[in-house]
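S.K.: sequence first, predicted model second:
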Amino acid sequence: MSFFKKSPWVIHYDGSSCNGCDIEVLACLTPLYDIERFGIINTGNPKHADVFLITGTINEQNLEVVRNIYNQMPDPKVVAAIGICATSGGIFRECYNVKGGVDTAIPVDIYIPGCAVRPEAIIDGVVAALGVLEKKAAALKTMKASA
Amino acid sequence: MKTALCVVAWVVIAPFLGGLLAGVDRIITARMQSRVGPPLLQPFYDVLKLFGKQGVAVNVFQNYYMVCFLVFVIVTGALFFSGGDILLTIFALAVAGVFFALGAFSPNSPYSNIGAERELLQMMSYEPILIIAAIGMFMVTKSWHVHDIAGFQKPLFVFLPGVFLAFLFVLTIKLRKSPFDLSTSHHGHQELVKGATTEFAGPSLAVIEIAHWYENVLLMGFVYLFFAFNWVVAIPAVLVAYFIEIFIDNTYARLTWHFTLKSSWIVAGVCGVVNIFLIAFLVK
Amino acid sequence: MNILLFLLLFPAAMSLVFAILPANTFRNALVRISCLLIAAGSVYAAFVFNGQGYQSFKVEFPHIDMIFFGGEMLLSLFLLYKCIGIKKHEWYIPALIIVQAGIMAYCEMSGAVPEVDNALYIDNLSIIMALIIGIIGSVICYYAISYMRDYHHHNPQMKDRQRSFFFILFFFLSAMFGVVFSNNLVWLYLFWEITTLSSFILIGYPKTEEATRNAYRALGLNLLGGLGFAGGILYLVKFCPEHTVDLARVIASGPGLMLIPVVLISFAGVAKSAQMPFSSWLLGAMVAPTPVSALLHSSTMVKAGIFIIIKFAPVLSGTWAGYFLALIGAVTFLMTSIIAVTQSNAKRVLAYSTIANLGLIVACAGIGTYETLWAAVLLTIFHAVSKGLLFLGVGSIEHKIGSRDIEDMDGLIVNRPGLAVVMLIGILGMFLAPFGMLISKWMCLEAFVSSSIFGLPTGVLIAMILAFGSAPTLFFWAKWMGKIVSVPAGLAKGEGRVPGDEWTALVVLAVATVATAALFPVISWVSVEPYIVSLYHQTVSLSQGNTIIMSILLALMILLPLSFLAYPKKTKLVPRYLGGANVGDKGEFLGAMGVVQQATMRNYYLAGFFSEKKLTIASVLVTICLIVTMFAVVKL
C-alpha cells in the first residue's frame, strides 16, 4: 500500500503571478477549506515536498529558480500549474520577459486553469495530482525492483 | 527481567505513543484554529510516505548523524524507562541532541546551519534546568535512580513546585513548540524554512520524525516523575501538561534566541535554584 | 628508588645535551629516544610501585639540603637578572623575587628548617601524575621535533633558538617529576619555582614584544602564587607547633594544625593552575609555539597547581577555607565556560576550557570528600589526555591550513579527514558521555549535592553553579564540532601530509583518549581507588550497572562511525537549498544585482550577549573577594 495519497506535502512557488492565485492557494489552508484534512501540508521546502504548485508565468528571472526547486525535490514528485498564467502564460504570454507557462521550464503533470482559480479547483487539482503521484511511485518501485 | 521488559516496551511502544501524541496534537491545534484537522493517524501516514520516497542529500555524511541521533534517543529512553541514573539519562539525551545538531551542520546550508546553531543555543538554555530537576529529585527522594524516584510515595511536585514550573518552561523548547521553535520552525513556509531539518528528505526525515516521537514520550516520562506517587493522578497530569504546551504553541509567535536564553536561565535561576535551596534547608 | 632518581635526573641530563646539540638528525633521534625512555621509565615506575601504597625513600647525599638552598638562591638571582627587560609597571616582579628569596634565606639562615627523613616518596597519586608527565609530556616533546622545524620554516624572521627550547622542555619535565616525588616541601618549592621559570622562558620564546610581555605577566602572577608557597613554608618553620616540612606529616596532621600553611600553599596552586583572578597568564601563554601550550595545559605547569591542591584535599575537607577554595574553582568554571563561547581562536577556546576544567578540579579538591577527590583525580587524567591531543591537533591544523581560527576549519572532515577525526575524538573526550570528563563531572555533581559543612548543605550551591556552567561548555564544543563536520560545496582534499612525528604523537594521544574512556573502571580500580582508600578508608563504588551502560555508550560511539562504511551510498546528491537561487553545484547563488556569490556560514559567538571583558572583570572581582574570604575564614 502506498501512503502518497494520504500525505501529500506541497511546496508553493509564485512565478510572476498577480498574486490572485496565490491568495487562493493560501485560502485552501484557512478553516473554510482546511486542506490539512487530507494530510496536505505546505512545507515551503522542496526537499520535503511531493507536489510542486506554481502560480504565474515563467520569465527569464525565475526560470532557473523553478528548475532548481524542481531538481531538489526527491522522487516521486508531481507538478501542478495553477491559474491560467501558469498553464499557458495567460494575458502575459506576449510580454517581452515572459517565456510562457510552467511547461516551458519543467514537465507539468496537472493543469488547473482559472483567473483566479477557485480553492475548490485547486483542491480538485491536487487530488488529481495524487493519482499521478501514485503511478509515479509504482513506476519508481518497479524500476528499483528491476535494477 | 523486568528491566529487559521495560526496555523492550519502550523501544516498541514509544514510537506508537509518540505518533499518537503528535496526531492528537495536530487535531487539537486544528480545533483551536476552528479547523477540522487531519486524521488521528496522519503522523504515521507521513512517516510511512517518507520511507517510500527517494533519499536526497547534500553530502554522504549527513544522514548518518541522524541515524546516530535516533540510536542515542532510543538508548536514552531505555536508560530512563529501565530505571537508570537520571543524570546519566540527561547526559545521554545531550549526546543525542549534539548528533542532531551535527547532522544539521553537515550540509553547510544557511537554513540548516542557523537551525543547528539555534538547536545548540536551546540546549544551552534548557540544560541547567534539567540538571537542577535531577538534583531536586535526588534531594527529595535520596536517590539518583529513576526507579526509586518513580517509586517515591509522596507527590514530588509538592516539594518541587518551582522546579516543575521551570521544567514546564523548558518543555516548550524541548518539544520544539512556539514560542521557542527556533531551530526547526513548526510551519515550513517561513523565513527559517524548516531550520535544522531543511536539508533532509525522504527516509532520513522519517528517522528524525521517529526520533522526535521517542523524545516526546521520554519528556512526558519526565513530567510523569513529578506525579509518580499515584498513576491515576500522574497520567491526567501528563496529558494536561501536554495540552498546556499545545495551547502555548497556538497563542505565541516565535521569540528570539536572546529571549529564550535569558528567560530560561532566569526561570532556572529564580524558580529552580530557590526551590532547591528551600529543599536543602527544609528537607532533612 | 632508582627509577625515581632516573625520572628526576635523566630528563635534566638530556636537557644539558640538547643545550649543546644543534638541530640535526642526530639530535632528533636523541630526542625521540629520550622521549621513549622517559615514557618507559614512568610506566616502569607505575608497574613497580602500583599497589604498594605509600613508599618513601631517604636520599643519601652530602649537604643535599644546602644544595637545594643554593639552587633556590641561584634561581632567584637568575630571575632578577632576567628582570632587566621589564617595563616600569612590572616593578612588582623583582620585588616579589626579592621577598621570596628573603623568606627562604631567613628560614635557612635562622637554622630553623627541620630535617626531613625521607625526602622522596611515591604513592598512587604520584604514579598517576608521573604517567601523565612521562607519557603525555614526552609525546608532546616528540611532536615538537617536526613542529619546531615547520615553525621556523613558517616564521623565517624568528631566530632559531631550538637548543634552548629543547633544553627548557626537558628541564621542565625533570622539575615536574620533582614536584610529584618530593616529600620535602623545601625541595618541592624549588621544583615549583623551576616550573615557573621554565614556562616564563618558553612563553617568551618568539621574542616578540607581545610574547615578552606575556612571559613577564606569567612570571609575575606565578611569583605571586610562589609568595604564598614561601609564606606557607615560613609558617611551618617558624610558627607551627608541629615544626615540619615533611609533606606526609603536614597532611597527616589535619586541618586543626595545618590549615594555615595548607591554604597558603593552595593559594600558590590556584595561581599556578590559572584560576580566576590569575587566568590571564595562561591566556597570554598562547603566543608560544603550540607544543609549549600543549605542555603547559595538559601535562605540566597547571597540573602542578592541581596536584598540590589535590594532595592537600584531606586537610581542606570540611573546612570553610576549603569551601571557599572550591567556590573559586566553581566560579572560574562557570565564567570561563561562558567566555569560551565568545572565542573563535581555537587556542583561546582551548585555554578557557582548560581554566574551566581546572576550576572543576579545584572545586572537587576544595570540597575534599572521598567522592569529589576521586572525581578530581580522574578529571586530571582525562583532561591531560584530551587537552594534549587537542592542542597538538590545532598545531598541526594551523601549519596545514595557515590559521588557528575555528571559522577556517570549515570542511576539515573532507579537507583533512585524519586531522578532523583526531580533533573530533579530542572534543568528544572533553564534554560528551561516555568519555572520561563527563563521567567525572557526573560523579562530582552527585557528590556535591550531598556534601555539607557542619550540617549546612553548602555543596548545593556548587552543584547549581556546575549545572549552569556545563551548558555553555556543551555549546562551544558542539559548535566547533559542527564547523569541522560541515561540508562546504566544492572542497578538494588538502595538499601536503602531516609530518610523521606529529602524526605519531596525534595517534598515540587519540588512542589514549579512547582507551582511558574504555578502561576507566580499570584505571579507577587499579590506581585511583587505592589512593582514596588510603586517605579516607572508603571509596567510590561505581555501580556495575552504570559501568555497563557507559561501555554500551562507548561501544556505540565507536561502532556507529564504523557502520558508516557500510552505509548505502545510493542517495542522490543535490545542492543545498538556497531559496532556489542556486547557480551551479558549487554552493553559489545569484545574489542582489545579479552578482553570483558564495554562501558561507559563520558560527554564533554571542559576543553582543556575553562580553569577554565585562565577564572577566566581574569574575576577577568575585574571585578576589573569595580569596580574601578564604584567608579570613582560615581560623573558623
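M.R.: Great, that's in hand.
S.K.: low-confidence ranges in chain A?
M.R.: Within chain A, the segments meeting pLDDT under 70 span A:1, A:147.
S.K.: helix, strand or coil for B:Arg254?
M.R.: coil (DSSP: H, G, I helix; E, B strand; the rest coil).
S.K.: next, the closest residue to C:Tyr54 other than its chain neighbours: phi, psi?
M.R.: Distances taken as C-beta to C-beta, 6 or more residues apart in numbering or on different chains place C:Asp123 nearest to C:Tyr54, at 4.5 Å, with adjacent residues excluded. For glycine as for every other residue, the C-beta is placed from the backbone atoms N, C-alpha and C. Main-chain torsions, C:Asp123, degrees, to the nearest 10: phi -140, psi -170.
S.K.: who's in contact with C:Asp123?
M.R.: Listed by C-beta atoms under 8 Å, 6 or more residues apart in numbering or on different chains, the contact set of C:Asp123 reads C:Gly53, C:Tyr54, C:Gln55, C:Tyr531, C:Ser534.
S.K.: take those and keep only those in helices.
M.R.: In helices, defined here by DSSP state H, the members of those are C:Tyr531, C:Ser534.
S.K.: can you tell me which of the contacts of C:Asp123 is closest to chain B?
M.R.: The nearest member of the contacts of C:Asp123 to chain B, counting by C-beta to the nearest C-beta, is C:Tyr531 at 24.6 Å.
S.K.: residues contacting the closest one?
M.R.: Contacts for C:Tyr531 (C-beta under 8 Å, 6+ apart) come out as C:Asp123, C:Asn124, C:Leu125, C:Ile128, C:Val377.
S.K.: out of the residues you listed, which is most surrounded?
M.R.: Scoring the contacts of C:Tyr531 on neighbours with other C-beta atoms under 10 Å in any protein chain shown, the highest-scoring entry is C:Val377 at 29 neighbours.
S.K.: surely it and C:Ile127 touch.
M.R.: No. Counting by C-beta atoms under 8 Å, C:Val377 does not reach C:Ile127; the two are 11.0 Å apart.
S.K.: state which helix of chain A is the longest.
M.R.: Looking across chain A with DSSP H, the single longest helix is helix A:119-146.
S.K.: tell me the helices and strands packed up against that helix.
M.R.: Contacts defined by 3 or more C-beta pairs under 8 Å, 6 or more residues apart in numbering or on different chains; DSSP states H and E place helix A:119-146 against helix A:20-27, strand A:51-55, strand A:78-82, strand A:110-112.
S.K.: closest to C:Val48 out of those?
M.R.: strand A:51-55 (74.1 Å; C-beta to C-beta).
S.K.: got the CA coordinates for that closest one in PDB?
M.R.: Backbone C-alpha positions of strand A:51-55 (Å, rounded to 0.1, in the frame of the first residue of the first chain) are rendered in PDB as follows:
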ATOM      1  CA  VAL A  51       3.700  18.300  -5.000                       C
ATOM      2  CA  PHE A  52       5.000  21.400  -6.600                       C
ATOM      3  CA  LEU A  53       2.400  24.100  -7.000                       C
ATOM      4  CA  ILE A  54       3.300  27.000  -9.300                       C
ATOM      5  CA  THR A  55       1.300  30.200  -9.900                       C
END
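S.K.: element containing C:Ser42, please.
M.R.: In the assignment (DSSP states H and E), C:Ser42 maps to helix C:25-49.
S.K.: what residues of that helix count as buried?
M.R.: Across helix C:25-49, burial judged by 16 or more other C-beta atoms under 10 Å in any protein chain shown covers C:27-28, C:30-32, C:34-35, C:37-39, C:41-42, C:45-46, C:49.
S.K.: could the helices and strands packed on helix A:119-146 be laid out in TSV, adding distance to B:Gln190 and mean neighbour count?
M.R.: What follows is the helices and strands packed on helix A:119-146, written out as TSV (distance: least, C-beta to C-beta, whole Å; neighbours: other C-beta atoms under 10 Å in any protein chain shown):
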stretch	distance to B:Gln190	mean neighbour count
helix A:20-27	13	19
strand A:51-55	17	28
strand A:78-82	21	27
strand A:110-112	25	22
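S.K.: tell me which of the ones you listed sits nearest to B:Phe105.
M.R.: Of the helices and strands packed on helix A:119-146, nearest to B:Phe105 by C-beta to C-beta is strand A:51-55, at 28.0 Å.
S.K.: so is the helix or strand just after that closest one next to chain C?
M.R.: Next helix or strand after strand A:51-55 toward the C-terminus (DSSP H and E): strand A:58-59. No. Using C-beta under 8 Å from any C-beta of the partner chain, strand A:58-59 never reaches chain C; the gap is at least 12.8 Å.
S.K.: list the helices and strands the helix or strand following strand A:58-59 packs on?
M.R.: Next in sequence after strand A:58-59, counting helices and strands by DSSP H and E, comes helix A:63-72. The contact analysis (3+ C-beta pairs under 8 Å, 6+ apart) places helix A:63-72 against strand A:9-14, strand A:51-55, strand C:582-583.
S.K.: now stretch C:436-451: average pLDDT?
M.R.: Averaging pLDDT along stretch C:436-451 gives 82.
S.K.: give the contact list for the residue of the stretch 451-600 of chain C found nearest chain A.
M.R.: Proximity of the stretch 451-600 of chain C to chain A (C-beta to the nearest C-beta) peaks at C:Gly580, 3.8 Å away. Going by C-beta under 8 Å, 6+ apart, C:Gly580 touches A:Tyr13, A:Pro46, A:Glu64, A:Val65, A:Val66, A:Asn68, A:Ile69.
S.K.: and if we set it to 7 Å?
M.R.: A:Val65, A:Asn68, A:Ile69 (C-beta atoms under 7 Å, 6 or more residues apart in numbering or on different chains).
S.K.: how about the residue of chain A found nearest chain C: what's its closest non-neighbour residue?
M.R.: Nearest residue of chain A to chain C: A:Val65, at 3.8 Å (C-beta to the nearest C-beta). Spatial nearest neighbour of A:Val65, excluding adjacent residues (C-beta to C-beta, 6+ apart): C:Gly580 at 3.8 Å.
S.K.: how far away is B:Gly52 from chain A?
M.R.: Separation of B:Gly52 from chain A (C-beta to the nearest C-beta, to the nearest Å) stands at 6 Å.
S.K.: thought that residue was touching A:Ser7?
M.R.: No. Using C-beta atoms under 7 Å, B:Gly52 makes no contact with A:Ser7, being 10.1 Å away.
S.K.: fine by me, thanks again.
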